[in-house]
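K.L.:
what follows is a predicted structure for the sequence shown.
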Amino acid sequence: MLENLTDKLGSALRNLRGVGQLTEANIADSLKEVRKALLSADVHFKVAREFVSKVEAACIGQEVLKSVTPGQQVIKIIHDELVQLLGEGTTELEDKKPLRIMMVGLHGSGKTTSSGKLAHYLAKKRDYRPALIGCDVYRPAAIDQLETLAQTVGCDFYSDRQEKDVVAIGQRGLEAAKAADANLIIFDTAGRLQIDTDLIDEIKQLKAAVQPDEILLVADAALGQEAVNVAQHFHEAVNVTGIILTKLDGDARGGAALSMKTITDTPIKFMGLGEKIDEFDVFHPDRMASRILGMGDVVSLVEKAQETIDEKEAERMAEKMRKADFNLDDFLKQMQQVKKMGSLGSIVGILPGASGIEIGDAEEKKMARTEAIILSMTQQERETPRLLKGSRLKRVAHGSGVQVRDVNALLKQFGQMQKMMKMMRGGKGRKMMKAMKAQMDETGGLPSF
């Protein structure tokens with residue numbers, strides 16, 4: 001989502017290289033480009049104007065520190081302003097049990113999917129016992145979808161496909177959830193293609209009946225500035241307490257995320273990162289600001305790794321790699337550990353400096369094909385790849401549904417990786433590490449603009 005904005009912001013700041021002091025004259029052109037970059041990303045024009053004014057006021061007259069470049073210093077100022085723009089401080093849900101949450105939004109924004117994801121997230125992270133209540137009486141598939149999600153999460157579900165009174169469904173669902181001893185009750189409401197009086201009246205009545213602790217607006221990031229208008233209307237109608245921004249894994253320009261907090265004064269609390277039930281996370285303004293500026297999100301990456309990777313297994317693998325004793329079976333286990341962290345695209349998206357790298361279906365398929373090839377080998381062949389010749393090669397290719405040349409290509413790449421590991425053990429490896437450290441010291445560990 002953020003690649004275009006990241007690239008344009010980077011381009012706007014490159015002409016500050018070599019400047020000794022930040023003045024109104026030498027930052028004017030760069031900030032003009034920053035404003036254009038924000039507007040092209042669908043950031044609300046008022047938000048863009050105020051943002052640039054604040055950055056300019058913070059920049060002018062600052063002496064450039066010797067350890068960083070002017071561009072890096074401006075990046076720090078922009079980063080701090082982005083954090084404030086996105087919602088500095090906590091975005092946590094109300095800390096109570098039982099907790100009632102009502103989900104609202106337009107049709108197609110991802111309310112039903114987000115209801116299931118939120119239930120899964122809070123059950124896993126906060127030890128809640130969720131119940132999902134289907135209050136969308138206009139789209140029968142929504143009830144079926146929510147029931148399927150409840151089965152996936154392993155939580156209680158209530159709806160009534162014959163009932164058309166949303167308030168009645170909500171009240172009976174609330175009683176059913178209490179009887180099942182659920183302490184997290186999520187009401188999935190109906191949406192419309194656009195905001196109308198019937199929709200607003202319905203959610204107002206449901207709100208009065210079930211008394212939710214949180215009202216979360218599910219907003220599609222791809223709507224751009226229209227998403228901001230939608231958020232404003234819902235907030236005025238039912239006093240939205242938070243926003244879930246969906247489809248951040250798509251090609252949205254990112255402006256909705258940058259505008260919503262300022263325009264609606266409502267925090268973005270969660271974000272949907274993909275289609276899978278676990279591709280959902282808390283929205284951290286500081287981490288999102290870092291991603292927008294191409295710095296990545298190392299904290300989230302570490303958290304993903306801690307949740308999914310076995311520490312003892314990781315230590316064992318690290319020792320094997322250090323000794324250059326790394327075989328195809330180890331490689332397979334590493335791949336399977338990475339898959340647990342999510343899609344390749346979601347992982348690459350939070351790596352520092354990886355904003356321009358696109359990971360599509362082709363890369364995902366290539367990874368799956370590599371896994372299939374290794375799984376078609378015997379344990380002995382994985383540990384000793386040089387055994388793979390002649391009939392063995394044909395058997396592995398047939399078993400994994402690929403050509404013999406594909407197996408040979410994998411073996412060649414793996415052989416090159418083993419050579420690199422052996423090089424890292426010796427003097428060349430130490431020289432490479434020293435060169436990398438020197439480069440980081442020179443740039444202050446930040447992108448060079």
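P.N.:
In hand now; what should we look at?
K.L.:
my guess is L245 meets A219, correct?
P.N.:
Yes: using CB atoms under 8 Å, L245 is in contact with A219, at 5.8 Å. Heads up, the C-betas are built off the backbone N, CA and C, glycines and all.
K.L.:
and the helix or strand harbouring I373, what does it pack against?
P.N.:
Assessed by DSSP states H and E, I373 sits inside helix 361-375. Judged by 3 or more CB pairs under 8 Å, 6 or more residues apart in numbering; DSSP states H and E, helix 361-375 is in contact with helix 328-340, helix 344-348, helix 391-400, helix 404-425.
K.L.:
what comes up buried for the following helix or strand past that helix?
P.N.:
Downstream of helix 361-375, the next assigned helix or strand under DSSP H and E is helix 379-383. Residues of helix 379-383 classed as buried: 381-382 (neighbour count, 16 or more other CB atoms under 10 Å).
K.L.:
pLDDT on helix 379-383, on average?
P.N.:
Helix 379-383 shows a mean pLDDT of 90.
K.L.:
CSV for the helices and strands packed on helix 361-375, including distance to F283 and mean neighbour count?
P.N.:
Below are the helices and strands packed on helix 361-375 laid out as CSV (distance: least, CB to CB, whole Å; neighbours: other CB atoms under 10 Å):
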stretch, distance to F283, mean neighbour count
helix 328-340, 22, 16
helix 344-348, 15, 17
helix 391-400, 40, 16
helix 404-425, 37, 14
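K.L.:
check those helices for me: which has the lowest mean pLDDT.
P.N.:
Among the helices and strands packed on helix 361-375, helix 344-348 carries the lowest mean pLDDT (a mean of 55).
K.L.:
so which residues of the stretch 1-150 of the chain form strands?
P.N.:
For the stretch 1-150 of the chain, the strands defined by DSSP state E, counting those that start in this stretch cover 99-104, 130-135.
K.L.:
looking at those strands, which is closest to G116?
P.N.:
strand 130-135 (6.9 Å; CB to CB).
K.L.:
re earlier: are there residues contacting both of L245 and A219? Which ones?
P.N.:
256, 260 (CB atoms under 8 Å, 6 or more residues apart in numbering).
K.L.:
on that earlier part again, sort out which residues of the helix holding I373 are buried, please.
P.N.:
Neighbour-count burial for helix 361-375 flags 367, 370-371, 373-374 (criterion: 16+ other CB under 10 Å).
K.L.:
quick check, nearest of these to D278?
P.N.:
M367 (18.2 Å).
K.L.:
was I right to think that closest one contacts Q336?
P.N.:
No: in this structure M367 lies outside contact range of Q336 using CB under 8 Å: 10.4 Å.
K.L.:
the stretch 201-350 of the chain: helices as residue ranges?
P.N.:
225-238, 255-264, 285-292, 298-308, 311-322, 328-340, 344-348 (DSSP state H, counting those that start in this stretch).
K.L.:
repeat for the stretch 51-200 of the chain
P.N.:
With DSSP H, counting those that start in this stretch as the criterion, the stretch 51-200 of the chain has helices spanning 70-87, 111-125, 140-153, 166-179, 197-210.
K.L.:
among the helices and strands packed on helix 361-375, which comes closest to S290?
P.N.:
helix 344-348 (14.9 Å).
K.L.:
grab the nearest non-local neighbour of the residue nearest in space to the middle of the chain.
P.N.:
By CA atoms, centre = their mean, the chain has its centre lying nearest to L273, at 4.2 Å. In space, and not counting its chain neighbours, L273 is closest to E279: 4.4 Å by CB to CB, 6 or more residues apart in numbering.
K.L.:
so for the one you found, what's the pLDDT?
P.N.:
pLDDT, E279: 85.
K.L.:
give me the neighbour count for E236.
P.N.:
11 (other CB atoms under 10 Å).
K.L.:
shaky segments in the stretch 1-150 of the chain?
P.N.:
1-23, 26, 61-72, 88-91 (pLDDT under 70).
K.L.:
picking up where we left off before, quick one: closest of the helices and strands packed on helix 361-375 to D29.
P.N.:
The stretch from these with the least distance to D29 (CB to CB) is helix 344-348; that distance is 31.9 Å.
K.L.:
any idea how the chain splits into domains?
P.N.:
3-87, 99-300, 309-443 (automatic domain parsing).
K.L.:
dump the residue contacts of Q194.
P.N.:
L106.
K.L.:
now it: phi and psi?
P.N.:
Main-chain torsions, Q194, degrees, to the nearest 10: phi -150, psi 160.
K.L.:
if we can go back for a sec, now mean neighbour count and distance to V47 too, for the strands of the stretch 1-150 of the chain, in TSV please.
P.N.:
What follows is the strands of the stretch 1-150 of the chain, written out as TSV (neighbours: other CB atoms under 10 Å; distance: least, CB to CB, whole Å):
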stretch	mean neighbour count	distance to V47
strand 99-104	24	23
strand 130-135	28	33
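K.L.:
mind checking those for the one nearest to K261?
P.N.:
Here strand 99-104 is closest among the strands of the stretch 1-150 of the chain (CB to CB), at 17.7 Å.
K.L.:
the closest one pairs with which strands?
P.N.:
strand 184-189 (parallel), strand 214-220 (parallel) (DSSP bridges).
K.L.:
which residue, other than its chain neighbours, is closest to H235?
P.N.:
T264 (4.9 Å).
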